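> predicted model follows, preceded by the sequence.
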Amino acid sequence: MDDPLPDLTPDDLQRYARHLTIPEFGREAQQRLKAARVLCIGAGGLGSPISLYLTAAGIGTLGLVDPDTVDVSNLQRQILFDSTQVGRPKLEAAAERLRAMNPALQLHLHSEPFTAANARELASGYDLIIDGTDNFPTRYLSNDVAVWLGIPNVYGSILRFEGQVSVFAPHLGGPCYRCMAPTPPAPGLVPTCAEGGVLGVLPGMIGTWQALEAIKLLTGIGQPLIGRLLHVDALTLRFRTFNLRRDPECPVCGPHPSITEPIDYEGFCGVPSFQSNAMTSPQIPTITVEELQSLRAQGAEIYLLDVREPDEHATARIEGSNLIPLSQIPHRHHELPRGQRIVVHCKAGGRSAKAVQHLMEQGFEDVHNVEGGILAWSDRIDPKVPKY
């Protein structure tokens, strides 16, 4: 943003009056926001408050990346959308809301996944990336692209009652995401929000702080969270700040980087590519919901194991399933029949994959994971089973 700052129009002066009267902010900061270009990856739980607050604050150009459609389960936390928009493309619905909020906003919509094939092209020309996703491949990808382009990456993550925020900006002297997390967790160890759940207001808190960090970086006010990670436990409302250091051996932002081009991020994180519906690794035996239905129709002897939580089982279940939550599998696997085919399912396939792996390690031989979990069963076999 070295070009001359844009003038503020009479409408700008009125719209942003509460900004302009802040001595530490003022006219120049508002002009910097007007000149700024921000790319937000994801228009979901985090992307909703991010995009709403940046739009309201007067950001000049906002890019949104999201290939999904609005689902009724989004409405508990994704405040960009309402019940009338269920089934519509998220970006189409988001654009209506954001343009109504601020007609001067320059909005660029990218209704495609953020992948190694297109990430650099999508991010080029922006001053800052905000990661509003909930998967590790995109976190590493957005980090790497930001490092290569020399722009900040505003990070946020949420799960259940806990959230984190940081700013990764090696070009400003701080670490990158890989400095904090050189390797991803094992597949299935950290559930997604779809698997583990999230309190609806938590992404509102974290996304708002991400928008705040972006505003600070773009205007030059305050002290951004460069080299610091803010963690919040919403149940106790306790905050902790951790200092982060640059890794001199970092393969991306170190002095001798070994990763200078996009890699196979799904493979690096041990998860299938976005084109696949499977939620399991290749080493874990799987079964489709159609195959499961066929076996049941043939009267095959199957022990159907549900490893979700009791409340989930009470909300939606496959008839004849047996509930043992994943956390109880290690000390209850002796209850399972050996010598009989065991088919394991959860909501979408992640937790059940972990259960199958554990059972195989305990010597169970005929055990399979249901691809797509009970959501796939509801979609393709029995629509009377509620989706949640």
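Good, I have the coordinates.

> got the domain boundaries for the chain?
For the chain, the structural domains run 36-269, 286-380, going by automatic domain parsing.

> adding mean neighbour count and mean pLDDT, write those out as TSV.
Placement of C-beta: from N, CA and C, glycine included. Shown next, in TSV, are those (neighbours: other CB atoms under 10 Å; pLDDT from 0 to 100):
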stretch	mean neighbour count	mean pLDDT
domain 36-269	19	96
domain 286-380	18	95
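
> make TSV out of those and add distance to Pro386.
Output for these, formatted as TSV (distance: least, CB to CB, whole Å):
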stretch	distance to Pro386
domain 36-269	10
domain 286-380	4
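
> out of the ones you listed, which is closest to Pro10?
Pro10 lies closest, by CB to CB, to one member of these: domain 36-269, at 12.1 Å.

> for that closest one, measure first residue to last.
32 Å (CA to CA, to the nearest Å).

> so how far is it off the chain centroid?
Its chain's C-alpha centre and that of domain 36-269 lie 8 Å apart, by CA atoms, centre = their mean, to the nearest Å.

> ok, now which ones touch the closest residue to Arg246 other than its chain neighbours?
Computed as CB to CB, 6 or more residues apart in numbering, the closest residue to Arg246 that is not its neighbour in sequence is Pro175, at 4.4 Å. Pro175 is in contact with 168, 227, 244-247, 250, 253, counting by CB atoms under 8 Å, 6 or more residues apart in numbering.

> go with 7 Å
Pro175 sits next to 168, 227, 244-247 when contact means CB atoms under 7 Å, 6 or more residues apart in numbering.

> show me what the longest helix seen in the chain packs onto, helices and strands only.
Ranked by number of residues, the top helix in the chain under DSSP state H is helix 202-219. Judged by 3 or more CB pairs under 7 Å, 6 or more residues apart in numbering; DSSP states H and E, helix 202-219 is in contact with helix 26-35, helix 47-57, strand 128-131, strand 153-159, strand 162-168.

> returning to that earlier point: helix/strand/coil for the residue nearest to Arg246?
Three-state assignment for Pro175 (DSSP: H, G, I helix; E, B strand; the rest coil): coil.

> from Glu162, how far off is it?
Remark: distance between Pro175 and Glu162 (CB to CB, to the nearest Å) = 21 Å.

> what do you get for Leu5?
Note on Leu5: its distance to Glu162, by CB to CB, is 39 Å.

> any idea which of the contacts of Pro175 is closest to Trp209?
Nearest to Trp209 among the contacts of Pro175 is Phe168, at 14.7 Å by CB to CB.

> any idea how far Pro224 is from that closest one?
Distance from Phe168 to Pro224, by CB to CB: 11 Å.

> picking that back up, for the residue nearest to Arg246, give me phi and psi.
The phi/psi pair for Pro175 (degrees, to the nearest 10) reads phi -80, psi 170.

> now swap in the one 5 residues further on and tell me
In terms of degrees, to the nearest 10, the main-chain angles of Met180 are phi -80, psi -40.

> residues contacting the residue nearest to it when sequence neighbours are not counted?
Leaving aside its chain neighbours, Met180 sits nearest to Leu244 (5.4 Å; criterion: CB to CB, 6+ apart). Residues counted as contacts of Leu244 (CB under 7 Å, 6+ apart) are 166, 175, 179-180, 227-229.

> just those residues now: which is nearest Gly42?
When those are compared for distance to Gly42 (CB to CB), Ser166 wins out at 16.5 Å.

> just the C-alphas of stretch 65-81, formatted as CSV.
Extracted in CSV, the C-alpha atoms of stretch 65-81 (Å, rounded to 0.1, in the frame of the first residue of the first chain):
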residue,chain,number,x,y,z
VAL,A,65,-13.0,-18.0,-0.9
ASP,A,66,-15.6,-20.7,-0.2
PRO,A,67,-17.1,-23.4,-2.5
ASP,A,68,-19.9,-24.5,-0.1
THR,A,69,-23.6,-24.0,0.1
VAL,A,70,-25.5,-22.9,3.2
ASP,A,71,-26.7,-25.8,5.3
VAL,A,72,-29.2,-25.5,8.2
SER,A,73,-26.5,-26.7,10.6
ASN,A,74,-24.4,-23.6,9.7
LEU,A,75,-27.0,-21.2,11.2
GLN,A,76,-26.0,-21.9,14.8
ARG,A,77,-22.8,-19.9,14.3
GLN,A,78,-22.5,-18.6,10.7
ILE,A,79,-24.2,-15.2,11.2
LEU,A,80,-23.8,-14.2,7.6
PHE,A,81,-26.7,-16.4,6.7
